[in-house]
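Chemist: attaching a predicted model along with its sequence, questions to come.
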Amino acid sequence: MAKNTSTTLTLMWFRDDLRLSDNPAFYEAASRGSVLPIYLWDERSEGLRALGGASRWWLHHSLASLAERLTSVGCPFHIVTGAAAEIIPAIAAASGAVACVWNRRYGQAERAVDKAVTTRLQSMEIETKTFNGTLLHEPGEVTPKAGGSFKVYTPFLRASLALGPPGPPLAAPKTITAHDGPLELPGETSLEGLGLLPTAPDWSAGLRDTWQPGEPQAQKLLHGFLEGGLRRYGEDRNRPALPASSRLSPHLRFGEISPRQIVMLARHAGADGTASGEQVEKFVSEVIWRDFAYLLLTSHPDLANKPFNSAFEKFPYAKASPTHLRAWQTGQTGYPIVDAGMRQLWKTGVMHNRVRMITASFLVKHLLLDWRLGEQWFWDTLCDADPASNPFNWQWVAGSGADAAPYFRIFNPTLQGEKFDPDGDYVRSFVPELARLPARWIHTPWAAPRDILAAAGITLGKTYPQPIVDHDTARLRALAALADMRQAEQAEA
DNA sequence: TTTTGAGTTGTTCGA
DNA sequence: GTCGAACAACTCAAA
């Protein structure tokens, strides 16, 4: 690999874009001359949300993968710690960079940090240039004709599609020229030095068995999905036991793959007849939901804490019950589909989308616990915990979100289980103590005849819990709570 | 400006 | 067993 001190040096600040292909900032850096690629672990700047445990695990391996790939082409990757507004300018100065590039972020604190960095760099006469490397269309690109910003998904979707496809993805740079010179970077540390991996105890075995973070694996998953699950995506995507979803979410979260790459290749699969256009657009629409969540995060920076619909400030949640919360977190609610989902999450760092809705609805409506408790748990345990999608979807379930589920839509965990996991295969794979229960009873063990339970080796209340709440009772309680909220709202008006 | 129709993902009840 | 209506009211987008 050529090293060249005669070309200009550009600092490439990697963040949620841990890939080499279709990375506009990195492409720009490589095309300008030599590149100094860095990742900053910033626990110092104000307002940044600390990553959850599962995300930290993913980040570690994703950084390892990126570092290895850059190093293999002769371009060392640097990991630094510190507060961005100090450390980025310091690194630029120490390395003699003439420019600094990155892909934009959308959270309020992140934007503030990036702005502070820009100001510092510009005062040092170091050029800054930023790009959209994360979304199909950025907030502000998709706007209603009447002005303002979209608050309902369908019009947003139509407007997004009307813009036409985003530009074609960029290839990875053909040549990457490394910085050549003394490299004593301020704040430099090692990947291990970040301490992102769990130690005592090491709970990551299930994650290791399930995932391989990194751009090459993301590309491989995408291609496998396009040739497999996409064909029946519309029908099978709601069946948690089937391999019908793309499983790309954590890769997308850390930017190991770009939404442009996903959408373009999915549409190619539609064009060459691998899948029908209808299936392709269903899948693409899911990617556009992500853009919508980012739009809402931009207009409502406190999405993770404040109900989008302020009427929900008055929602009468039950007195926080540590017992119920704990039962939900650990998958001990007595509702098999709920427990399977929560255990899948704990074990693998991800949960099937359909089951996320069921478990989230259960927390908020059956247990009447604050959606923020659930959002925080998912934030800690999901590999794909996304700063926009996670709070956005929790608010959607809770009914407080943009274009949210109507309040009376209360998932019945039994019916959902029977409908979407009819054979019980999903339940069996994550709730082994029910594995020998026939499909007829797998979603209602409390109603199973005594001899059937005995034959399956189940003692309710001992080997598997009785339901911690009764569905009908809980449903009526949730409806009553919402009626109370409405009354409180009207009394005020 | 006003009006109108629509709005991811469901469940229950009664005819 | 099947089917349609009710479950609220409201806000938003677009004509």
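Modeler: Good, I have the coordinates.
Chemist: check contacts around the residue nearest to residue A:10 when sequence neighbours are not counted.
Modeler: Nearest non-adjacent residue to residue A:10, counting by Cβ to Cβ, 6 or more residues apart in numbering: residue A:29, 4.1 Å away. All C-beta atoms are positioned from the backbone trio N, CA, C, and that covers glycine. Contact analysis of residue A:29 by Cβ atoms under 8 Å, 6 or more residues apart in numbering lists A:10-12, A:35, A:37, A:99, A:101.
Chemist: please redo it, this time with the cut-off set to 10 Å
Modeler: Contacts for residue A:29 (Cβ atoms under 10 Å, 6 or more residues apart in numbering) come out as A:9-13, A:23, A:35-37, A:97, A:99-102, A:129, A:173, A:176-177.
Chemist: put the buried members of those residues into a PyMOL selection.
Modeler: Buried residues among the contacts of residue A:29 (16 or more other Cβ atoms under 10 Å), as a PyMOL selection:
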select buried, chain A and resi 9+10+11+12+13+23+35+36+37+97+99+100+101+102+173+176+177
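Chemist: touching, residue A:91 and residue A:12? I think so.
Modeler: No: the pair residue A:91 / residue A:12 is not scored as a contact, 11.1 Å apart, by Cβ atoms under 10 Å.
Chemist: isn't residue A:484 up against residue A:316?
Modeler: Yes: between residue A:484 and residue A:316 there is a contact under Cβ under 10 Å: 5.2 Å.
Chemist: how about the closest residue to DNA strand B within the stretch 201-350 of chain A, phi and psi?
Modeler: Nearest to DNA strand B in the stretch 201-350 of chain A, going by Cβ to the nearest atom of the strand, is residue A:289, at a distance of 4.3 Å. Phi and psi for residue A:289, reported as degrees, to the nearest 10, are phi -60, psi -40.
Chemist: not counting residues beside it along the chain, what's closest to it?
Modeler: That would be residue A:153: by Cβ to Cβ, 6+ apart, it lies 7.0 Å from residue A:289.
Chemist: for the stretch 1-150 of chain A, which residues are neighbours of DNA strand C?
Modeler: A:144-146, A:148-150 (Cβ under 7 Å from any atom of the strand).
Chemist: would you map out the domains in chain A?
Modeler: A:1-133, A:135-169+A:215-299, A:310-482 (automatic domain parsing).
Chemist: mean pLDDT added to the ones you listed, as JSON lines?
Modeler: Output for these, formatted as JSON lines (pLDDT from 0 to 100):
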{"stretch": "domain A:1-133", "mean pLDDT": "95"}
{"stretch": "domain A:135-169+A:215-299", "mean pLDDT": "94"}
{"stretch": "domain A:310-482", "mean pLDDT": "94"}
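Chemist: please produce a markdown table containing those domains, extended by distance to residue A:193.
Modeler: Formatted as a markdown table, those follow (distance: least, Cβ to Cβ, whole Å):
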| stretch | distance to residue A:193 |
| --- | --- |
| domain A:1-133 | 7 |
| domain A:135-169+A:215-299 | 19 |
| domain A:310-482 | 22 |
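Chemist: and the residue lying closest to residue A:335 once chain neighbours are set aside, how far from DNA strand C?
Modeler: Among residues not flanking residue A:335 along the chain, residue A:413 sits closest, at 4.2 Å (Cβ to Cβ, 6+ apart). Using Cβ to the nearest atom of the strand, to the nearest Å, one gets 17 Å for the distance from residue A:413 to DNA strand C.
Chemist: what of residue A:197?
Modeler: 43 Å.
Chemist: how about that residue, nearest residue that isn't a chain neighbour?
Modeler: Excluding the flanking residues, the one nearest residue A:197 by Cβ to Cβ, 6+ apart is residue A:60, at 5.4 Å.
Chemist: and the one you found, which of the three is it?
Modeler: helix (DSSP: H, G, I helix; E, B strand; the rest coil).
Chemist: what sits against it?
Modeler: So residue A:60 contacts A:191-192, A:194-198, A:204, A:213 (Cβ under 10 Å, 6+ apart).
Chemist: nearest to DNA strand C among those residues?
Modeler: Among those, residue A:213 lies closest to DNA strand C (Cβ to the nearest atom of the strand), at 36.1 Å.
Chemist: was I right to think the closest one contacts residue A:255?
Modeler: No: Residue A:213 is not in contact with residue A:255 according to Cβ under 10 Å; the separation is 11.4 Å.
Chemist: so what sits against both of the two?
Modeler: A:18, A:62, A:66.
Chemist: so which of those wins on neighbours?
Modeler: Sorting the shared contacts of residue A:213 and residue A:255 by how many neighbours each has (other Cβ atoms under 10 Å) puts residue A:62 first, at 28 neighbours.
Chemist: excluding its backbone neighbours, what's nearest that residue?
Modeler: Using Cβ to Cβ, 6+ apart, the closest residue to residue A:62 is residue A:213 (4.3 Å).
Chemist: residues of chain A that sit close to DNA strand B?
Modeler: Checking chain A against DNA strand B by Cβ under 7 Å from any atom of the strand, the hits are A:152-154, A:238, A:286, A:289, A:353-354, A:357, A:393, A:396, A:403, A:405-406, A:408-412, A:415-416, A:419, A:471-472, A:475.
Chemist: out of these, which are inside strands?
Modeler: Among these, no member falls in strands (DSSP state E).
Chemist: any chance of a ChimeraX selection covering the buried ones in the residues you listed?
Modeler: A single ChimeraX command selects the buried members of the residues of chain A next to DNA strand B (16+ other Cβ under 10 Å):
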select /A:153,238,289,354,357,393,396,405,410,411,412,416,471,475
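Chemist: return the subset of the residues of chain A next to DNA strand B lying in helices.
Modeler: A:153-154, A:286, A:289, A:353-354, A:357, A:393, A:396, A:415-416, A:419, A:471-472, A:475 (DSSP state H).
Chemist: state the distance from residue A:399 to residue A:259.
Modeler: Plainly put, residue A:399 is 28 Å away from residue A:259 if you go by Cβ to Cβ, to the nearest Å.
Chemist: so which elements touch the strand or helix carrying residue A:265?
Modeler: Under the criterion of DSSP states H and E, residue A:265 resides in helix A:259-271. Secondary-structure packing of helix A:259-271 (3 or more Cβ pairs under 10 Å, 6 or more residues apart in numbering; DSSP states H and E): helix A:215-227, helix A:249-253, helix A:277-299.
Chemist: in the longest one, which residues are buried?
Modeler: It stands for helix A:277-299. Neighbour-count burial for helix A:277-299 [16+ other Cβ under 10 Å]: A:279-284, A:287-298.
Chemist: same deal with stretch A:187-207?
Modeler: A:187-188, A:191, A:194, A:196, A:204, A:207.
Chemist: start and end of that stretch, how far apart?
Modeler: Using Cα to Cα, to the nearest Å, one end of stretch A:187-207 lies 30 Å from the other.
Chemist: average pLDDT for that stretch?
Modeler: Predicted confidence along stretch A:187-207 averages 96 (mean pLDDT).
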